[in-house]
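K.L.:
can you look at this prediction? I've put the sequence above it.
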Amino acid sequence: AQTVTQSQPEMSVQEAETVTLSCTYDTSESDYYLFWYKQPPSRQMILVIRQEAYKQQNATENRFSVNFQKAAKSFSLKISDSQLGDAAMYFCAYNTGTASKLTFGTGTRLQVTL
Amino acid sequence: EAQVTQNPRYLITVTGKKLTVTCSQNMNHEYMSWYRQDPGLGLRQIYYSMNVEVTDKGDVPEGYKVSRKEKRNFPLILESPSPNQTSLYFCASSLSNWGGYGYTFGSGTRLTVV
């Protein structure tokens, strides 16, 4: 069974600084997709970034980028120029080629300080 | 606006009193799913549906029922709620069962069973 591990329950970053959230996963599949979701206090689940396993190039969305290491099964999220609005719970998630189950990690709570 | 609508947003009920949480999407998505979110456990899949009249169990289906009579609706039914079903529930949908689309989530239902 696929598993997703987020080993940092909580992280803190100062405004304007850079922070990296870690995620590792376990799978025997070759075709899969990885996601980072943000859950602010409003509890809405917001898709931040997506990575296809067959693409070697790391995905980037504005201040958000990933470091995808397929051999190591690692998928970390880097947030640059952190803003107060980035404070949230962040979930790493994995899906195979069919959407029968999006598997989530346990989440990392990010605090942004002045 | 394209969205997944869940109701109610908050619900407090008593043990054993049947309840239904509604979920509706207006994006003509084929795939729909229910998750529950608990502290330290992330999100876990309860049930999913690939299309109308096609449903299947996720990781934690005990105590829940679903139905998919129409493409847009996917209600979650708790026939006899118990306190261990106190949780935050999310409905999600995806265009198809291709895993690369990711999910669109509803805004969540906070359920408390006393």
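P.N.:
Nice, I can see it.

K.L.:
okay, CA-based contacts and neighbour counts for the rest of this
P.N.:
Will do.

K.L.:
contacts only, for residue B:11.
P.N.:
B:109, B:110, B:111, B:112 (CA atoms under 8 Å, 6 or more residues apart in numbering or on different chains).

K.L.:
who does the residue lying closest to residue A:47 once chain neighbours are set aside form a beta bridge with?
P.N.:
Nearest non-adjacent residue to residue A:47, counting by CA to CA, 6 or more residues apart in numbering or on different chains: residue A:37, 4.5 Å away. Applying DSSP bridges to residue A:37 yields these beta-bridge partners: residue A:47, residue A:91.

K.L.:
quick one on the thing from earlier: can you pick the most crowded of the contacts of residue B:11?
P.N.:
Using other CA atoms under 10 Å in any protein chain shown as the neighbour criterion, residue B:109 leads these with 21 neighbours.

K.L.:
which residues does it contact?
P.N.:
B:6, B:7, B:8, B:9, B:10, B:11, B:21, B:88, B:89, B:90.

K.L.:
please name the nearest non-neighbouring residue to the second one.
P.N.:
In space, residue B:7 comes closest to residue B:22 once its chain neighbours are excluded; the distance is 5.3 Å by CA to CA, 6+ apart.

K.L.:
burial count for the one you found?
P.N.:
Counted with other CA under 10 Å, the neighbours of residue B:22 add up to 16.

K.L.:
so the residue nearest to residue A:47 sits against residue A:88, correct?
P.N.:
No. Residue A:37 is beyond contact range of residue A:88, at 9.9 Å (criterion: CA atoms under 8 Å).
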